[in-house]
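Peer 1: Here you go, sequence then predicted model.
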Amino acid sequence: MQITAALVKELRERTGAGMMECKKSLVEANGDIEAAIEVMRKSGLAKASKKAGRTAAEGRVLIQPSGDGKTAVMVEVNCETDFVAKGDDFAAFAEQVAGLILDKRPADTGALAGLTYPGGDQDVETARKELVARIGENISIRRFTLMSAGADGLLGSYTHGSRIGVLVGLTGGNADLAKDLAMHIAASRPVAVDAGGVPAELLEKEKEIYGAQAAESGKPPEIVEKMVQGRVRKYLAEVTLVGQPFVKDPDVTVEKILKDAGSTVTGFERYEVGEGIEKETVDFAQEVMSQVHGS
């Protein structure tokens, strides 16, 4: 059967795949569009599995609130390049995933993968693999957070572009304070609300470092201990939300701002795209040459 330009155009519009990929699939399916789509889906799953081991450290962070503002989801979806992260297909996938999490409240990314993707009968994992095949990069749904304000609380949120996102929960205060605190957290990177929330292993590591530094002073043990305690207090002020100078007024701490407003922070989450992921160093010219030789 002759594969016409009109057939190729129709398949491209339905799948978003490249022209040559569409033509190849139509030839294999003898011009049957539905069969060609099935061919492309099978091929796409195979391509996606090959790309699964590639580092995806770019992407976007997205926050989506519920209609009443009492619940919100923040999700990080990753890809390999900033170029793809800014694309419409990738952005649409992230938005659909965020909406699905908000609607279905899955326990984790594993449970999310098995949910039905909006607008079709396939699950999220299949939709992800098909997007990998179409875009040509590894894509992963790395993590998400669902936060609820509770009956008497409120939520604040802030996104810096699409790379940093913050959700913060409050009791007392108002929406403006919640937004200001979310912006502060985005800029100042606290690790916990207060000293009680700082991970014990992190604190012990800092104490060990300060102890070794203070011991080199040659001072008596009791003085060394006081030096260590002083440095720990300074460290806690730097890494806890309540101890930090407020970004909009560095002369006062966040603790003072909260006290004056009669407010308490119940919790927060801060995401930054790719944080903690070791990025691969890629020789771009060599990668292009490899693709040329491979084709």
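Peer 2: Cool, got the structure.
Peer 1: which helices and strands sit right next to the helix or strand harbouring L11?
Peer 2: According to DSSP states H and E, L11 maps onto helix 5-15. When contacts are defined as 3 or more CB pairs under 8 Å, 6 or more residues apart in numbering; DSSP states H and E, helix 5-15 packs onto helix 19-28, helix 33-51. For the C-beta atoms, the positions are set from N, CA and C on the backbone; glycine is no exception.
Peer 1: Confidence-wise, which of those helices is weakest overall?
Peer 2: Sorting the helices and strands packed on helix 5-15 by mean pLDDT places helix 33-51 lowest, at a mean of 63.
Peer 1: Export the helix or strand following that one to PDB, keeping only CA atoms.
Peer 2: For helix 33-51, the succeeding helix or strand toward the C-terminus, using DSSP H and E, is strand 58-65. The C-alpha trace of strand 58-65 is given here as PDB (Å, rounded to 0.1, in the frame of the first residue of the first chain):
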ATOM      1  CA  GLU A  58      17.000  18.600  34.900                       C
ATOM      2  CA  GLY A  59      13.200  19.100  34.800                       C
ATOM      3  CA  ARG A  60      10.600  21.200  36.700                       C
ATOM      4  CA  VAL A  61       9.000  21.600  40.100                       C
ATOM      5  CA  LEU A  62       5.200  22.200  40.000                       C
ATOM      6  CA  ILE A  63       2.800  23.100  42.700                       C
ATOM      7  CA  GLN A  64      -0.900  22.600  42.300                       C
ATOM      8  CA  PRO A  65      -3.400  23.600  45.000                       C
END
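Peer 1: if we can go back for a sec, distance from the chain centre to the helix holding L11, please.
Peer 2: Put simply, helix 5-15 sits 34 Å off its chain's centre (CA atoms, centre = their mean, to the nearest Å).
Peer 1: Could you figure out how far it is turned away from helix 19-28?
Peer 2: 110 degrees (axes from the mean of the first three to the mean of the last three CA atoms, to 10 degrees).
Peer 1: Return helix 5-15 as CSV; C-alpha atoms alone will do.
Peer 2: Only the C-alpha atoms of helix 5-15 are listed here, as CSV (Å, rounded to 0.1, in the frame of the first residue of the first chain):
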residue,chain,number,x,y,z
ALA,A,5,1.8,12.4,3.0
ALA,A,6,-1.7,12.7,4.3
LEU,A,7,-1.4,9.4,6.2
VAL,A,8,1.9,10.4,7.7
LYS,A,9,0.5,13.8,8.7
GLU,A,10,-2.5,12.2,10.4
LEU,A,11,-0.2,9.8,12.4
ARG,A,12,2.1,12.7,13.4
GLU,A,13,-0.9,14.7,14.7
ARG,A,14,-2.2,11.7,16.7
THR,A,15,1.1,10.6,18.2
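Peer 1: avg pLDDT for it?
Peer 2: Averaged across helix 5-15, the pLDDT comes to 78.
Peer 1: what about A214, how many residues close to it?
Peer 2: A214 has 20 neighbours, counted by other CB atoms under 10 Å.
Peer 1: hang on, it packs against M227?
Peer 2: Yes. The criterion here is CB atoms under 8 Å, and A214 meets it with M227 at 4.2 Å.
Peer 1: residue ranges of the strands in this structure, please?
Peer 2: Using DSSP state E, the strands of the chain run over 58-65, 71-79, 140-148, 153-160, 164-171, 245-246, 249-253, 264-272.
Peer 1: Throw those into CSV and include mean pLDDT, thanks.
Peer 2: Shown next, in CSV, are the strands of the chain (pLDDT from 0 to 100):
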stretch, mean pLDDT
strand 58-65, 96
strand 71-79, 97
strand 140-148, 96
strand 153-160, 95
strand 164-171, 97
strand 245-246, 96
strand 249-253, 96
strand 264-272, 97
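Peer 1: To A5, which of the ones you listed lies closest?
Peer 2: Among these, strand 71-79 comes nearest to A5, with 31.3 Å by CB to CB.
Peer 1: Relative to the whole chain's centre, how far out is the closest one?
Peer 2: On CA atoms, centre = their mean, the centre of strand 71-79 falls 5 Å from that of its chain.
Peer 1: That strand vs strand 58-65, what angle?
Peer 2: Going by the same axes, to 10 degrees, strand 71-79 makes 170 degrees with strand 58-65.
Peer 1: ok, back up a step: out of the strands of the chain, flag the one nearest I33.
Peer 2: I33 lies closest, by CB to CB, to one member of the strands of the chain: strand 71-79, at 28.6 Å.
Peer 1: in this protein, which residue is closest to the centre?
Peer 2: Residue closest to the average C-alpha location in the chain (CA atoms, centre = their mean): E76, at 1.9 Å.
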